[in-house]
Every structure is written in C-alpha cells, then in structure tokens.
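In: Next one to model:
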Amino acid sequence: MITTCTVERYSRGGRTVRSGGGSAVAAEVLRIARHALTLSHVGVGDVSKRILLGRKLRSAQLGETLLPKRVAFPVFASDALSSVAYAPDEIFIILALAGVAFYSLSLWVALAVAAVMAVVVASYRQNVHAYPSGGGDYEIATANLGPRAGVAVGSALIVDYVLVVAVSLSSAAQYVASAADFFADHRVVVAVALVVFLTLMNLRGVRESGTSFAIPAYAFMVALIGTCLWGGYRALVGDLPDAESAALDILPAEGYEGTLTTLALVFLVARAFSSGCAALTGVEAISNGVPAFKRPKARNAATTLFLLGMVAVTLMLGVVSLANAMNVKYVDPHDLDRLVRSDGTSVGDDYHQDTLIAQIAHGVFDGFPPGFYFVVIATGVILVLASNTAFNGFPVLGSILAKDGFLPRQLAARGDRLTYSNGIIILAAMATALIIAFEAEVTRLIQLYIVGVFVSFTLSQLGMVRHWTRHLASERDAAERRRMQRARMINGTGFAMTAAVLLVVLITKFLAGAWLTVLAMGAFIALMAAIKRHYDHVAIEIAADESDKALPTRVHAIVLVSKLHKPTLRALAFAKATRPNSLEGVYVSVDNAETARLMEEWDDRNLGVPLKILHSPYREVVKPIVEYASAIRGANPRAVVAVYIPEYVVGRWWEQLLHNQTALRLKGRLLFTPGVMVTSVPYQLRSSEIAREREAREEARGYRGDLRQGRVREGGGDRDRQVQ
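Out: Down below sits the predicted model:
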C-alpha cells in the first residue's frame, strides 16, 4: 500500500467573505484589481479568477443562491421559449420540400406540437411534486425502472444538453447575422464567443447569472407578444404587408415533384411534426433544477412549468399564423437555389435569407425600424438564455450521476461560487466542439436534436406510471387514491404521446443525422458503465479487512539530501522524531567534487545518521533513488520504506517554477512503488512568511469592510449575521 502524507508548519484559515447580495461586476473587478496590486504573493491565475468569477462563497451561503419564481422562469424556461425562434422555421423548411402549397399544413402541425407540449407540461408537473430532489428524469427512471434505464436517461439528457447549447447558440449567431450582414460568414466565431460568455456567467453563480438574464428573457416575451398582437391587429384591419420573401416561389425538392402519394404526404407531415417538436426541449430542465428554487420548491417549479407551457404555445402559434398571413417563403439555407423569382431565375447562393421571426418583424414594423431591431436582438438574446438552461441543468445532472458513481467524482464538487464548475466547463467544451464540427448550421444540428430529450420523456413517464401504481397498492385514503389515479392517467397519457413522438422522430430523422445522436448516447452509456465498474472495483479493493491490522515488521527511513542546509537538517530531525527502525541520508552523486565536499561536511557535523551515496554515471537523480527504495523493500517485503523529501514553500507564483521540480518528479515515481511512503517536509522561505502576513492583513481589512457593510462574525465562528 502506498501512503503519502504532507507535514505542515501552520494551517491557513479561510478568508472572511461578505455574504450580502450580489455586487455589480464592475465594482467587483475594481475591488479585486485594487487588492491584487497590494498582494504581490497572489498568483496571476488567482487574480484573473477572482476578476472573472467574483469572490469565493462559503458553503453556508448556499441558501442565498436559491431562485424566486420571477428569476427561475428565465433561468429554466428560456430553452423552451427560445424554440419559438427555430421550431417554426424547421416546420416551414420541411413543408417547403413539396412546395409552397403545403405551407397550409403548418398551422395544423403547430397545433399538434402544442397538444404534445400541453400533455408533457402536465406530466412534468406530477414529476416535480413526486421527485423534488433534482434528479429529474434520471432519478425517476432509476427508482422505478432500474439502474440501466436510469443510465439510458442520463446519457440521453447529456446529449440533449450539449445539443441545446450548440443549436441555440448557432441559431443566435444566425440572428446576429440577420441584424448585421458582416457576421454572416463568421457565425462559428460568434457562437463560440457566446459559449465562452455563458461559461463565465454561470461560473459566477446561478443566482447572479439568473438575475443578469431575467430582463432580456422578459424583453423577448414582450417583443414577440407585441409583434404577434400588432401583426394580428394589422391583419384584422387589412394593413398587414407581405414578407420580403413573399414574391419568391419555391421549387419542390427532388422526389417531391408532382402529386404526392398518401404515404409521401404522411411522411412529409411527420417530418415537419418531428422537427417542430424541438419546441419541447427544455421542459425537463425544470425537473432537474427543482433544488435551485426557493421554498416551496416543488410548487414553485410546477408553477414555472405551467407558465412555460402557456407562453411557449402562444408564441409558437402566433409566429406560425403570422408567417402564413404574410406569405413567408423559407427553405433550407443549403437549398437556396430552390428559391426562384417571378421570372423563374434562382436567387443564387449569395442571397441572404432572414429567419422567420426576422422576416415577420421586418414586415410588421415596416414603418418603425427600432421595433424590428428590438425583436431581432431580443430573440438572439433568448437563444443565448436557452443555452443557459443547459448550463444550469447539465451540472446538476452531472453531480447526481457522479454521486452515484457513473461519472467522475469531481463533477459532484462545487466550485468557489457554489456552482458545479467542472460540469459547466465540460458542457462548454463539448458544445464548442459540436459547433465547430457542424459549422454552426442549425438545420444540420437540428437533425441530431430532440431524440435524446424524447428518450428521457418516454422513460420518465413510464417510470411515473409505475411509481403511482406502486403507491396505489398501499394507499388506503380515498381522496389520496383519486389524486394518484388522476396523476397516473396524466403520466400514462404523457408516456403514450411521447413514445409515439419518439417513434416518429426516429423514423423521420434517423438517416438524416439522428443516428449520430443514438451513437453518442450508446457511447455515453458504455462510458458511464465503465466508470461505475471502476469505482465498484476500487471500493472492493480498498475495503478494510482483518489483514490490514498487521503492522510492518520494520520501518526503514531515508532522507533525501541535496545539500547540507536547513531544509535537510529539518527533514532529518523530523525523521528521527518518528523513531524508525533504521534511518539514513541518501545522496545521488553526479559530481565527484560536490560529493566529496558533502561527505566532509557530514562528518564534521557528526549528525549520528549514516549517509548513503548512490553513484549515477548518467547523471540521473530520480531513477537511482527509486531503484534503491525498491531494493530495500524487496529485501524485506513486510517492511515499509519511508522517504522524506525536503521541499521549499514559496509565496510567489513564479517561484514555484524555480523550486521543487525534482521533488515533484520523484514523488510521482515513488507513489507507484509498493511499500513506499512519501513524506514532504516543508521549509518556509521568507517569501512565504511575507505572503502569510499580507494575507492576514487582507483578512483583517476584509473584516473591517464587513463591519462597515453590517456583517459581523459571531464568536469567531464561520457564520455571519446581519446587524439589525
């Protein structure tokens, strides 16, 4: 068994952190920059981290990050709301394959999507009441269908969250291009920049990012509702103009020319419906984010779900209705040659096709350009917020999977700002890779979309049916039984409908790109199963048993010597204090003159400890020590070899580069040597003392600032209280 221990001369206490409401980012930057100038011992990385992310938060401040409904709504519902920006577009793109005449079916497709949305929202309201812990679909499937179903749901949600970020930010880049033609050829750069921005905002904390994004989310709702109302009014009075693309015509795609057979028509409508079902993504994020709501958590989450359903359905139907009334023509951006002018000539690849909402806003506000830009900008922002939903849902899901052993344990740890920062960074990395690989093309990414979310929808609803069935078997109260039966009926309807939609999605999208999603889900399932097996095997391997009570027959201690100076003398003194069976100093000789000088000093001091010289003709330092320790261990397998390594403790970041490099390499090798313990014996240089003194002054300065702000510490403890 290998054991590593580190001897510390002192323990540094945590800094006092003011726990009042979130301060402005600009003030935070100025505060940190000002203190950074006076704290030369603070590393560049630490200063940058504080500027970007803000002050550290204690675990006791976790309750201060919980969200009220008015903030939780934009944080968790923005994904489904943002689908209004691209789900209608995808419906029109699919129907356009057969020509303009089939646009008349778009409203019926939108109504079918709205019906599915209503059922799913009603079903998930039951979910959040029954499982408010934040496990969401994963917890429901695991508890009621077994761990395999839970892993399948977890993998589906991971894929879906990554695609939410990629699709939403790629669509946001399209809206940026609609507002400014310069960005038309730089959509990938815009999308990646948005990923970086969202990552930094979410690393600052859920509450702070939610508060920052609340106003833009409500601005989007005002903008689009205002567009629908004003457009509807202009349609009623006969003043609604045609869209900019109304004068164009659409040539049917290959295979859709002439009269469609019944089977082809059904398949076309099914494809449009499956693309429109992208509007349902994001509903599951609320069930995963219940712990982030203020109390009563489940009721607040259910209310947010209800509001989400109403607003999303209203906006989607409004956009589709206005697009039909204004005769919008919209095709796949890769098939612009199918758009033809009245004289039959193609618009060409240089034609810039604005999104559906952009065309509608341009016509509705034809005499008021600020209205157009307000709608386009607000829509682009809500698409960014949609990604924020994933940035809040994915880390929570990752932490739950990590606690269950299906993902690395680091994903379960909270960062400085009480967020699951590792999950946020991993999500950003995967989404960035996807955006670059698909060149920020929404139509290509949308084919991979919604498969994962409908897998989780279907399995969670089936799990809820089993949940209510199991509880009904033991429940005797008549009123409670009626409530459970009603809930089971709702979840049963949700299961039937989502399973049917999943089947349609797989049939219509599999060859178009959905197979990649299925493949990715399979890869995540295999990965999570492998991680689980590893953790289980390690747990069995390290479990204590009777054989672990046996003591080693002897302890052979060696102190590594580079020079006979204070760090070496301290390490020798500490090694003597542990009273090993044998103790010796070990020096690797690479220069005969240096070796002779050291031996002379060693004899002059008469330390009472023998000095072992290891000759290294090839000037290696690490290898001879490892071989010597292994040889001692091999001669007595029940013995323990204790290696003491003197190390410098420095106070400045750049000093780390100048010291302890050999010690780090040596420890890395010795840790893999059975029966060897590695002990670091620190020696604090003057720079570390100065750093500690400055840190103490900074802590005292922070305490005085806390006192001025009305924050004082109770009895020297860690908890703060507000001065009344």
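In: For Val586, grab phi and psi.
Out: Dihedral pair for Val586: phi -130, psi 130, per degrees, to the nearest 10.
In: That one and Ile625 touch, don't they?
Out: Yes: Val586 lies in contact with Ile625 (C-beta atoms under 8 Å); the separation is 6.5 Å. In this view, the C-beta of every residue, glycine as well, is placed from N, C-alpha and C.
In: For these two, list the residues in contact with both.
Out: Residues touching both Val586 and Ile625 (C-beta atoms under 8 Å, 6 or more residues apart in numbering): 560, 614.
In: Give me the more crowded residue out of the two.
Out: For Val586 versus Ile625, neighbours defined as other C-beta atoms under 10 Å are more numerous around Ile625 (24 against 19).
In: Check the spacing between that one and Ala323 real quick.
Out: Look at Ile625 and Ala323: by C-beta to C-beta, to the nearest Å, they are 75 Å apart.
In: Alpha carbons only: can I get stretch 531-538 in PDB?
Out: Extracted in PDB, the C-alpha atoms of stretch 531-538 (Å, rounded to 0.1, in the frame of the first residue of the first chain):
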ATOM      1  CA  ILE A 531     -16.800   4.300 -14.800                       C
ATOM      2  CA  LYS A 532     -19.300   2.600 -12.500                       C
ATOM      3  CA  ARG A 533     -17.400  -0.700 -12.700                       C
ATOM      4  CA  HIS A 534     -14.100   1.000 -12.000                       C
ATOM      5  CA  TYR A 535     -15.500   2.700  -8.800                       C
ATOM      6  CA  ASP A 536     -17.100  -0.600  -7.700                       C
ATOM      7  CA  HIS A 537     -13.900  -2.500  -8.200                       C
ATOM      8  CA  VAL A 538     -11.800   0.100  -6.400                       C
END
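In: Ser474: neighbour count?
Out: Around Ser474 there are 6 other residues, counting by other C-beta under 10 Å.
In: host element of it?
Out: Under DSSP states H and E, no helix or strand contains Ser474.
In: Low-confidence stretches in the stretch 451-600 of the chain?
Out: 546-550 (pLDDT under 70).
In: where do the strands sit along it?
Out: Taking DSSP state E, counting those that start in this stretch as the test, the strands found in the stretch 451-600 of the chain are 555-560, 582-589.
In: Mind pulling the model confidence for the spatially most central residue of the chain?
Out: Taking C-alpha atoms, centre = their mean, the centroid of the chain lies closest to Ile424, which sits 2.7 Å from it. According to the prediction, Ile424 has pLDDT 86.
In: who are the neighbours in contact with it?
Out: 199, 202-203, 391, 394-395 are the contacts of Ile424 under C-beta under 8 Å, 6+ apart.
In: tell me which residues of the top helix by length along the chain are tucked away?
Out: The single longest helix within the chain, with elements called by DSSP state H, is helix 369-403. Neighbour counts over helix 369-403 (16 or more other C-beta atoms under 10 Å) mark 371-372, 374-402 as buried.
In: Quick one: residues contacting the residue lying closest to Ser399 once chain neighbours are set aside.
Out: Spatially, and ignoring its direct neighbours in sequence, Ser399 is nearest to Ala412 (4.6 Å; C-beta to C-beta, 6 or more residues apart in numbering). By C-beta under 8 Å, 6+ apart, the contact list for Ala412 reads 398-399, 402-403, 420.
In: Among those, which one sits closest to Val504?
Out: Nearest to Val504 among these, counting by C-beta to C-beta, is Gly398 at 29.8 Å.
In: Correct me if wrong: the closest one contacts Ile426.
Out: Yes: here Gly398 lies in contact with Ile426, judged by C-beta under 8 Å, at a distance of 7.3 Å.
In: joint contacts of those two?
Out: Joint contacts of Gly398 and Ile426 (C-beta under 8 Å, 6+ apart) are Leu411.
In: show me where the stretch 551-700 of the chain has helices.
Out: Under the criterion DSSP state H, counting those that start in this stretch, the stretch 551-700 of the chain contains helices at 566-577, 592-605, 622-635, 661-670, 686-708.
In: To Tyr535, which of those lies closest?
Out: Comparing the helices of the stretch 551-700 of the chain against Tyr535 with C-beta to C-beta, the closest turns out to be helix 661-670 (23.3 Å).
In: mind listing what's buried in the closest one?
Out: Going by neighbour count (16+ other C-beta under 10 Å), the buried part of helix 661-670 is 663, 666-667, 670.
In: how about those residues in a markdown table, adding pLDDT and distance to Asp545?
Out: Shown next, in a markdown table, are the buried residues of helix 661-670 (pLDDT from 0 to 100; distance: C-beta to C-beta, whole Å):
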| residue | pLDDT | distance to Asp545 |
| --- | --- | --- |
| Ala663 | 80 | 34 |
| Leu666 | 87 | 32 |
| Lys667 | 85 | 28 |
| Leu670 | 87 | 26 |
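In: Closest to Arg686 out of the residues you listed?
Out: Ala663 (19.7 Å).
In: is it true that the closest one touches Glu647?
Out: Yes: if you go by C-beta under 8 Å, Ala663 and Glu647 touch, sitting 5.3 Å apart.
In: Which residues are in contact with each of these two?
Out: Ser680.
In: What separation do you get for the nearest residue to Gly393 once chain neighbours are set aside and Pro68?
Out: With sequence-adjacent residues excluded and distances taken as C-beta to C-beta, 6+ apart, Gly393 is closest to Ala285, at 4.0 Å. Ala285 sits 17 Å away from Pro68, going by C-beta to C-beta.
In: Those two: who's more crowded?
Out: Legend: neighbour count by other C-beta under 10 Å for Ala285 and Pro68, higher for Ala285 (31 against 14).
In: Is that one part of a helix or strand, or is it coil?
Out: Following DSSP: H, G, I helix; E, B strand; the rest coil, Ala285 is assigned to helix.
In: Enumerate every residue touching Asp249.
Out: Contact analysis of Asp249 by C-beta under 8 Å, 6+ apart lists 100, 329, 339-342.
In: mind listing what Leu107 touches?
Out: Shown in contact with Leu107 (C-beta under 8 Å, 6+ apart): 317, 320-321, 324.
In: Mind giving me the ChimeraX select for the residues you listed, buried ones only?
Out: Only the buried entries of the contacts of Leu107 go into this ChimeraX selection, using 16+ other C-beta under 10 Å:
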select :317,320,321
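In: Val442: which of the contacts of Leu107 is nearest?
Out: Val442 has its nearest neighbour among these in Val320, at 17.5 Å by C-beta to C-beta.
In: my read: that closest one touches Trp108, true?
Out: No: counting by C-beta under 8 Å, Trp108 is not a contact partner of Val320; they are 9.7 Å apart.
In: For the stretch 251-400 of the chain, which segments count as strands?
Out: Listed in chain order, the strands of the stretch 251-400 of the chain (DSSP E, counting those that start in this stretch) span 339-340.
In: No further queries at this time; thank you.
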